[in-house]
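S.K.: need a structure here:
(one chain, ligands or ions: 2)
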Amino acid sequence: MGLRKAGVLGATGSVGQRFIQLLSNHPQFELAVLGASSRSAGKKYKDAVDWKQTSQMPAAAGEIVVSECTVEAFKDCDVVFSGLDADYAGPIEKAFREAGLAVISNAKNHRREKDVPLVVPTVNSEHLAIIEKRVKEAAAAGQKRPGFIVCISNCSTAGLVAPLRPLVDKFGPIELLTTATMQAISGAGFSPGLPGIDILDNLVPYISGEEEKIEWETKKILGEIADDGNSVRNLSDDEIRVSAQCNRVAVSDGHTECVSVKFKNGAPSVDAIKRCLRDYQCEATILKCPSAPKQAIHVLEEENRPQPRLDRDRDNGYGVSVGRIRKDSVLDIKMVILSHNTIIGAAGSGVLIAEILAAKNVI
Ligand SMILES: NC(=O)C1=CN([C@@H]2O[C@H](COP(=O)(O)OP(=O)(O)OC[C@H]3O[C@@H](n4cnc5c(N)ncnc54)[C@H](OP(=O)(O)O)[C@@H]3O)[C@@H](O)[C@H]2O)C=CC1
Ligand SMILES: N[C@@H](CC(=O)OP(=O)(O)O)C(=O)O
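M.R.: Ligands and ions are numbered 1, 2, ... in the order given. You can find the predicted model right below:
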């Protein structure tokens, strides 16, 4: 198969710019259509965007004329990535799905729909089977590929669940979980973005809606596909209790979290935890997806790591770092997790999900 045509909704934003960076010169996808608000539509991308990435804007992307986010503009895309502002993403993505398009979205709007997989590709790619089933059933009935939405999780949730999944697989259920986050400024978006005066020499101990999202999304991601194969059964509040406290800190990229967990079946040793995390291989790595991390989880032994500036780019931002793994005197084990919020926490996850779907001939 040749290059698949990719569209990006919200292409000018914090997540959208990452999509442009990750999809330029991608071996499987070509950037075909870029969409943003009517403020940007009609302009060349290079004139519409306030490029804030530390690498140069890909020249070819800069020449693409930005479109309105309409089905008509994106109808020839094999896959559409969305980095839309959540105030507008809901109806636009729904219209795209109804028109038969394949949408992979960063926005929160459809995450709670039972038949929409909520996927961190290095953690629960098996939930994509819901989509694979639907597409294969349509093909068997001689119908064209149905439209669908796959949601990427909240960025802090992505980092949090990365080490939890292998731990649960090996040591059984986690019944109590607490996290305190220190989240990067890029997570607040670029339009308008967080004013410098609010964050310089400061920390903001509140991020609207974030704690509820972490507490809810963790239960869907760690849940399993229901018996009918069409939806996800979330873990119940009786199975796991999750408590999150979220803070914004003066870091450009990379969310850090201080996490404590209690296992239902008793505490594994610190060494067993480290071995389990080091041995973990995600499906994308096994499938040899082009962006898959060699190591989905990096276990760090240095007592002062992970740190955002030093560790966020491990495995090109697709690897999650876990350090300071030690006994917790209240729960069982505590650790510090660092994940790149716009790569494994957003656009990178979108690209990796698309690579997995491509490997399974879904797109
Ligand atoms: N930043 C992060 O780390 C993460 C973000 N997300 C989610 O991803 C999405 C994008 O976030 P982020 O990139 O930070 O946001 P930004 O504010 O940086 O970007 C928003 C994008 O949406 C576009 N847009 C705004 N209004 C409209 C409209 N009426 N019609 C069409 N397009 C519109 C903007 O275009 P224009 O430039 O023309 O205004 C811009 O491209 C959000 O839903 C967010 O919650 C998820 C995980 C992590
Ligand atoms: N709220 C996250 C980014 C974000 O937009 O998340 P979500 O997609 O869950 O709304 C942050 O501030 O870092």
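
S.K.: The residue in the stretch 151-300 of the chain that ligand 2 sits nearest to - how many residues pack around it?
M.R.: With C-beta to the nearest ligand atom, the shortest gap between the stretch 151-300 of the chain and ligand 2 falls at residue 187, namely 2.0 Å. To be clear about C-beta, it is placed using only N, CA and C from the backbone, and glycine gets the same treatment. Neighbours of residue 187 under the rule other C-beta atoms under 10 Å: 25.

S.K.: Contacts only, for the closest residue to it other than its chain neighbours.
M.R.: Sequence neighbours aside, residue 341 is the residue nearest to residue 187 in space, at 4.9 Å (criterion: C-beta to C-beta, 6 or more residues apart in numbering). Shown in contact with residue 341 (C-beta atoms under 8 Å, 6 or more residues apart in numbering): 155-156, 158-159, 183-184, 186-187, 253-255.

S.K.: now, among those residues, which is nearest to residue 241?
M.R.: Within the contacts of residue 341, the smallest distance to residue 241 is 17.4 Å, found for residue 156 (C-beta to C-beta).

S.K.: elements contacting the longest helix seen in the chain?
M.R.: If you go by DSSP state H, the chain has its longest helix at helix 155-171. Applying 3 or more C-beta pairs under 8 Å, 6 or more residues apart in numbering; DSSP states H and E, one finds that helix 155-171 contacts strand 174-183, helix 210-221, strand 255-263, helix 270-279, strand 297-299, strand 320-327, strand 333-339.

S.K.: Give me the packing partners of the very next helix or strand once past the last one, helices and strands only.
M.R.: The C-terminal neighbour of strand 333-339 among helices and strands, as given by DSSP states H and E, is helix 347-359. Other helices and strands packing on helix 347-359, by 3+ C-beta pairs under 8 Å, 6+ apart, are helix 14-23, strand 79-82, strand 102-105, strand 148-152, helix 283-286.

S.K.: Can you give the distance of whichever strand or helix holds residue 5 from its chain's centre?
M.R.: Per DSSP H and E: residue 5 is located in strand 4-9. Taking C-alpha atoms, centre = their mean, to the nearest Å, one finds strand 4-9 lying 17 Å from the centre of the chain it belongs to.

S.K.: Neighbouring strands of that strand in the sheet, and parallel or not?
M.R.: Using DSSP bridges, strand 4-9 pairs in its sheet with strand 29-35 (parallel), strand 79-82 (parallel).

S.K.: Would you mind naming what in the chain lies close to ligand 2?
M.R.: 86, 106, 108, 154-155, 183, 187-188, 207, 210, 213, 341 (C-beta under 6 Å from any ligand atom).

S.K.: Quick check on the residues you listed: which are buried?
M.R.: Neighbour-count burial (16 or more other C-beta atoms under 10 Å) applied to these gives 106, 108, 154-155, 183, 187-188, 207, 210, 213, 341.

S.K.: would you list every one of the helices in the stretch 1-150 of the chain?
M.R.: 14-23, 45-48, 59-62, 71-74, 86-98, 129-140 (DSSP state H, counting those that start in this stretch).

S.K.: what comes into contact with the fourth one?
M.R.: Counting contacts by C-beta under 8 Å, 6+ apart, the residues outside helix 71-74 that touch it are 7, 9, 33, 35, 67, 80, 95-96, 99, 101.

S.K.: Extract the C-alpha trace of stretch 9-17 and format it as PDB.
M.R.: This file holds the C-alpha atoms of stretch 9-17, laid out as PDB (Å, rounded to 0.1, in the frame of the first residue of the first chain):
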ATOM      1  CA  LEU A   9      -7.900  19.000  12.600                       C
ATOM      2  CA  GLY A  10      -6.700  21.800  14.900                       C
ATOM      3  CA  ALA A  11      -3.400  21.800  13.000                       C
ATOM      4  CA  THR A  12      -2.300  25.200  14.400                       C
ATOM      5  CA  GLY A  13      -2.500  24.300  18.100                       C
ATOM      6  CA  SER A  14      -0.100  22.700  20.600                       C
ATOM      7  CA  VAL A  15      -1.200  19.200  19.800                       C
ATOM      8  CA  GLY A  16      -1.700  20.000  16.100                       C
ATOM      9  CA  GLN A  17       1.800  21.300  15.700                       C
END
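
S.K.: contacting residues around it?
M.R.: Counting by C-beta under 8 Å, 6+ apart, 8, 19-20, 34-36, 40, 45, 48-53, 66, 69, 74, 80-85, 89, 92-93, 106, 186-187, 189-191, 193, 342, 346-347 sit against stretch 9-17.

S.K.: Would you mind finding the most buried of the helices and strands packed on helix 155-171?
M.R.: strand 333-339 (a mean of 24; mean count of other C-beta atoms under 10 Å).

S.K.: now the angle between helix 155-171 and that one, please.
M.R.: With axes from the mean of the first three to the mean of the last three C-alpha atoms, to 10 degrees defining the directions, strand 333-339 sits at 130 degrees from helix 155-171.

S.K.: Cool, thanks, talk later.
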